[in-house]
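> For reference, the sequence and a predicted model appear below.
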Amino acid sequence: MNDVILRDFETGDADWLVEQHGVLYARDEGFDRTFAALVAEILADFIRHHDPACERGWIAEEGGKRLGSIFCVRLDEATAKLRLFLLLPEARGRGLGRHLLDTCMAYARDRGYRQMRLWTHESHRAACVHYARTGWRRVSSKPVRAFGIDLVEQEWEIDL
């Protein structure tokens with residue numbers, strides 16, 4: 001992981017992020033194309049409206065190749081929301097996920113947020129392990145029909 005850098009998200013990364021989310025979640029989870037559409041909406045909103053004083057997105061890169069992402073956005077004055085946490089399969093198992101998560105949480109703490117929240121699915125077991133290991137608490141879990149399949153939607157939070 002020595003050659004991996006975390007750089008700021010740039011508008012030109014949006015198409016890549018939408019494509020990677022769409023491809024990986026279709027292949028690994030069976031999600032339909034509405035998931036990629038949701039990612040596109042999240043990114044369009046971030047590009048149009050984010051406040052650089054308290055919101056940020058990172059792209060993990062190694063040798064010019066994008067490997068993953070994570071975003072910190074404002075939910076309210078005291079609460080940040082973690083979004084678009086993604087690691088390509090070839091980047092997993094190297095500590096990069098933990099590095100992205102730690103970076104995002106430190107940023108939120110430094111910006112004065114007192115809490116972070118996130119939304120995920122029970123099927124994202126590896127990510128949920130990261131969350132639990134870093135002190136996040138699952139605060140809700142409910143069955144839903146989304147992205148063309150039955151899922152268990154979860155919300156997690158952590159005090160910073």
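Arrived safely.
> Show me where the protein has its strands.
Here the chain has its strands, by DSSP state E, at 4-8, 56-62, 65-76, 79-87, 115-121, 137-146, 149-159.
> what packs against the fifth one?
So the one you mean is strand 115-121. strand 79-87, helix 96-110, helix 125-133, strand 149-159 (3 or more CB pairs under 8 Å, 6 or more residues apart in numbering; DSSP states H and E). (Each C-beta comes from the backbone N, C-alpha and C, glycine too.)
> Equivalent analysis for the second one, please.
Contact partners of strand 56-62 among helices and strands, from 3+ CB pairs under 8 Å, 6+ apart: strand 4-8, strand 65-76, helix 96-110.
> go with 10 Å
strand 4-8, helix 14-29, helix 34-49, strand 65-76, strand 79-87, helix 96-110 (3 or more CB pairs under 10 Å, 6 or more residues apart in numbering; DSSP states H and E).
> as a whole number, average confidence for that strand?
In this model, strand 56-62 has a mean pLDDT of 97.
> Strand 65-76 and that one, what's the angle between them?
Interaxial angle of strand 56-62 relative to strand 65-76 (axes from the mean of the first three to the mean of the last three CA atoms, to 10 degrees): 170 degrees.
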